[in-house]
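>>> pasting the sequence and the predicted model now:
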Amino acid sequence: MSPLLSKLKKNCLDTCGQSTVEFAFIIPVLFIFFYAVLEFSHLFIEQQRVSALSRETTNAVFRDCSSQNPANLNACIQPILDELRDKATNILPGFDSSGNLIVSLYVPDTVAGGDPPPVKSLTPPKKTGGGNAVTRYTAGDLDPRIVSDLGVVVIGEAFYPYSPLTPIKQLISLLSLPGVLYENTIY
């Protein structure tokens, strides 16, 4: 056997398991990367759906109900919320049992006076869905000058509990993903 051939044979015997060991080190990292991409993509899509739902709710209530007499607001708002809740269930599984849509209408309180007049709630916040979310806004959170200029401000909020796709719950808790997706829209 030539010296060159024996040297090549010896070198091959020394590195036979190297690729297997490298593969064993790399494959868990690739799986974690794959799951992270999958999870963040799912989170992003769900957040976009919640955002669109909040915008559509606020737009529909503003368009159809903002000029209504305050006595008729409940009759105007509730059918819109119920219809949007049903549509939301098609794009966000379980929304009817665990998600919420909340709408609040605010106007300037011209009776109280002042320049600008303080903000008052036209009706209590209207809510639909099976979740237990509460509105994050009150009349005191709004700038009275803006409400006075606009006349009516409609705030729509959408809440949806986020459930991860990946089966590795410990990994999800390390990533600090939100428990509830939330979006608000102000018209």
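Arrived safely, thanks for sending. Numbering: from 1, shown residues only.

>>> can you give me the helices in the protein?
3-14, 18-65, 73-91, 95-98, 144-150, 169-175 (DSSP state H).

>>> any idea which of those is most buried?
Among the helices of the chain, ranked by average contacts under mean count of other Cβ atoms under 10 Å, first place goes to helix 95-98 (a mean of 18). Bear in mind the C-beta positions are built from the backbone N, C-alpha and C, glycine included.

>>> gap between it and the chain center?
A distance of 14 Å separates the centroid of the chain from that of helix 95-98, by Cα atoms, centre = their mean, to the nearest Å.

>>> for that helix, what does the pLDDT average out to?
Averaging pLDDT along helix 95-98 yields 92.

>>> ok, and what's touching it?
Contacting residues not belonging to helix 95-98 are listed as 85, 86, 88, 89, 129, 130, 131, 160, 161 [Cβ atoms under 8 Å, 6 or more residues apart in numbering].

>>> mind listing what the third one touches?
Contacts of residue 88 were listed using Cβ under 8 Å, 6+ apart, and they are 53, 95, 96, 99, 101, 158.

>>> so how far is residue 121 from residue 109?
To residue 121, residue 109 is 9 Å away according to Cβ to Cβ, to the nearest Å.

>>> repeat that for residue 65.
For residue 65 relative to residue 121 (Cβ to Cβ), the value is 14 Å.

>>> residue 112 too?
Using Cβ to Cβ, residue 112 is found at 13 Å from residue 121.

>>> quick one, which of the two is more surrounded?
residue 121 (16 against 10; other Cβ atoms under 10 Å).

>>> tally of neighbours for the residue lying closest to the more buried one once chain neighbours are set aside?
Computed as Cβ to Cβ, 6 or more residues apart in numbering, the closest residue to residue 121 that is not its neighbour in sequence is residue 139, at 5.2 Å. By the measure other Cβ under 10 Å, the count of residues near residue 139 is 17.

>>> can you check residue 69 too?
Counted with other Cβ under 10 Å, residue 69 comes out at 7.
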